[in-house]
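>>> Coordinates for the following, if possible.
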Amino acid sequence: MASLITPTILLGSKEGEKVDLASADVIGLYFSAHWCPPCKAFTPKLATVYNKLRKQGKKIEIVFVSGDVAKTNFDEYFETMPWLALPFQHSLIKELQKKFKIQGIPSLILLKPDGEVITRRGREAIEQSPDGFPWTDFVPTQTQSNYFGMAVSVVLFAIMVYFSRNNVVAQGIIISFIVYSFLFGNRS
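You can find the predicted model right below:
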């Protein structure tokens, strides 16, 4: 990580300044995008925790790593964030996505200043343990909604098997529900 994000990398702050991340105890890489409803729901929660920790004197910095395709969307979304961002479509974005194997957003990777990963489950850390800074021993918990998502998936799969092969529309709807429940309800 030290080779990817260093004190000399130009980070896009609202003032466009260079920032030294080495003084932070925790660095969060926040992979998100304007067009993503779960991202837009999580960002205010993250901002609340971030602002609270900063007021308490905790040394945390978050860097928005945008998946936006339009600069106007990036600018509009970044305006809602109290932290830093890599400049729009910066070449480092793809490198970080590859390095951390980002497959979905929102995703928050929490790091030590030397680049050692604290947790790849930063979103869950913020949601389940907002006062757990610096989250070095965070372990995600299975919640009731996780079990509900799994149960719904099993029931819907059983219903799908019951339908004949000719009922493609019903199967498509059921598969959509199964995929949705795994993506948004099954966060283990």
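>>> did I read that right, Ile118 in a helix?
No: counting by DSSP: H, G, I helix; E, B strand; the rest coil, Ile118 is not found in a helix; it is strand.
>>> which ones are touching it?
Applying CB atoms under 8 Å, 6 or more residues apart in numbering, we find Ile118 in contact with 26, 110-112, 134-136, 138. To be clear about C-beta, it is placed using only N, CA and C from the backbone, and glycine gets the same treatment.
>>> how close does it get to Glu61?
13 Å (CB to CB, to the nearest Å).
>>> so what sits against both of these two?
Common neighbours of Ile118 and Glu61 (CB under 8 Å, 6+ apart) are Val26.
>>> circling back to that earlier point, just the closest of the contacts of Ile118 to Leu86, please.
Of all the contacts of Ile118, Leu86 sits closest to Leu111, with 14.4 Å by CB to CB.
>>> one step back: redo the contacts of Ile118 as JSON lines? Include pLDDT and secondary structure.
Shown next, in JSON lines, are these (pLDDT from 0 to 100; DSSP: H, G, I helix; E, B strand; the rest coil):
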{"residue": "Val26", "pLDDT": "91", "secondary structure": "strand"}
{"residue": "Leu110", "pLDDT": "93", "secondary structure": "strand"}
{"residue": "Leu111", "pLDDT": "92", "secondary structure": "strand"}
{"residue": "Lys112", "pLDDT": "89", "secondary structure": "coil"}
{"residue": "Pro134", "pLDDT": "81", "secondary structure": "coil"}
{"residue": "Trp135", "pLDDT": "77", "secondary structure": "coil"}
{"residue": "Thr136", "pLDDT": "76", "secondary structure": "coil"}
{"residue": "Phe138", "pLDDT": "72", "secondary structure": "coil"}
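>>> what bridges to Val63?
Leu29, Leu84 (DSSP bridges).
>>> For it, list the residues it contacts.
Going by CB under 8 Å, 6+ apart, Val63 touches 5, 11, 21, 27-30, 83-86.
>>> What score does it have for pLDDT?
Reading off the confidence values, Val63 has pLDDT 91.
>>> how far does stretch 102-111 stretch from start to finish?
Separation of the first and last residues of stretch 102-111 by CA to CA, to the nearest Å is 15 Å.
>>> Go through that stretch and flag the buried ones.
For stretch 102-111, the buried set under the neighbour-count rule, 16 or more other CB atoms under 10 Å, comprises 102, 105-111.
>>> what's it in contact with?
If you take CB under 8 Å, 6+ apart as the criterion, stretch 102-111 is touched by 1, 26-33, 36, 38-39, 42-43, 46, 62, 67, 96, 100, 117-120, 122-123, 125-126, 134-135, 183.
>>> okay, stretch 22-31 in PDB with CA atoms only?
Taking C-alpha atoms only, stretch 22-31 is exported to PDB below (Å, rounded to 0.1, in the frame of the first residue of the first chain):
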ATOM      1  CA  ALA A  22       0.900   8.800   7.200                       C
ATOM      2  CA  SER A  23      -0.400  10.600  10.200                       C
ATOM      3  CA  ALA A  24      -3.700   8.700  10.300                       C
ATOM      4  CA  ASP A  25      -4.100   5.700  12.500                       C
ATOM      5  CA  VAL A  26      -6.800   4.300  10.200                       C
ATOM      6  CA  ILE A  27      -7.200   4.900   6.400                       C
ATOM      7  CA  GLY A  28     -10.500   4.000   4.800                       C
ATOM      8  CA  LEU A  29     -10.700   3.400   1.100                       C
ATOM      9  CA  TYR A  30     -14.300   4.000   0.300                       C
ATOM     10  CA  PHE A  31     -15.300   2.500  -3.100                       C
END
